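K.L.:
my questions are about this predicted structure, shown below with the sequence.
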Amino acid sequence: MTLKQEIQRLISREIAVIKHLYTKIPTNSMEYRPNEQMRSAAELLIYLSHCGVDMIAYYNLGNEEGANGREIMQAYRIKAEEFTNEQFPQAMDAQEQHINEMLSNLSNEDLQEKTVEVFWGETLSFGELILQTTVKYLTAYRMQLFLYAKMAGNLEINTYNCWLGKDAPKAS
């Protein structure tokens, strides 16, 4: 398996788990927020629907020649604000498709050898940038979604839901 395939597999798995966790949020809990300064569940869904693609677009990885990464990222964020909660799975599918399109324009050599200076001052290979941002963002906010579902009243979910994206087997 190539580095690009592994990265795509990680992203795809995170998105699948996130979509599963979305189904576990009590339907009347979309405005739930653990604290007034934190995102609501609905706002978290909006963020999740674009946080994976943001840095890939921002650093123009795999975008067509001349495309402005900031404009692509901003357009994606604006579009994310327009979907309804019920459209969240489709928004995640669209994000995954966009990520895969951008990655299709990158070779394994690009991922390993080309570098970018990131906003926090380090120089990273394209591949490490995607792991340090896209994969970590999806994982971190997936965990937050799991906790929101649990705190909003779904006490049936557990680590199977959070890490495997499926319900735990029923005890016999």
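P.N.:
Cool, got the structure. Numbers count the residues shown, from 1 in each chain.

K.L.:
OK, contacts around Val53?
P.N.:
Met73, Tyr76, Gln95, His98, Ile99, Met102, Thr134 (CB atoms under 8 Å, 6 or more residues apart in numbering). Placement of C-beta: from N, CA and C, glycine included.

K.L.:
same thing but at 7 Å, please
P.N.:
Val53 makes contacts with Tyr76, Gln95, His98, Ile99, as judged by CB atoms under 7 Å, 6 or more residues apart in numbering.

K.L.:
distance of Ser104 relative to Phe83?
P.N.:
Ser104 sits at a distance of 24 Å from Phe83 (criterion: CB to CB, to the nearest Å).

K.L.:
who has more neighbours, the two?
P.N.:
Phe83 (15 against 11; other CB atoms under 10 Å).

K.L.:
could you point out the longest helix of the protein?
P.N.:
helix 3-22 (DSSP state H).

K.L.:
distance between the helix or strand following that helix and the chain's centre?
P.N.:
Once helix 3-22 ends, the next helix or strand along the chain (criterion: DSSP states H and E) is helix 41-58. Relative to its parent chain, helix 41-58 has a centroid offset of 6 Å by CA atoms, centre = their mean, to the nearest Å.

K.L.:
same question, stretch 125-137
P.N.:
11 Å.

K.L.:
mean confidence for it?
P.N.:
For stretch 125-137, the mean per-residue pLDDT is 95.

K.L.:
could you pull out the buried residues of that stretch?
P.N.:
Using 16 or more other CB atoms under 10 Å as the test for burial, stretch 125-137 gives Ser125, Phe126, Gly127, Glu128, Leu129, Ile130, Leu131, Gln132, Thr133, Thr134, Val135, Tyr137.
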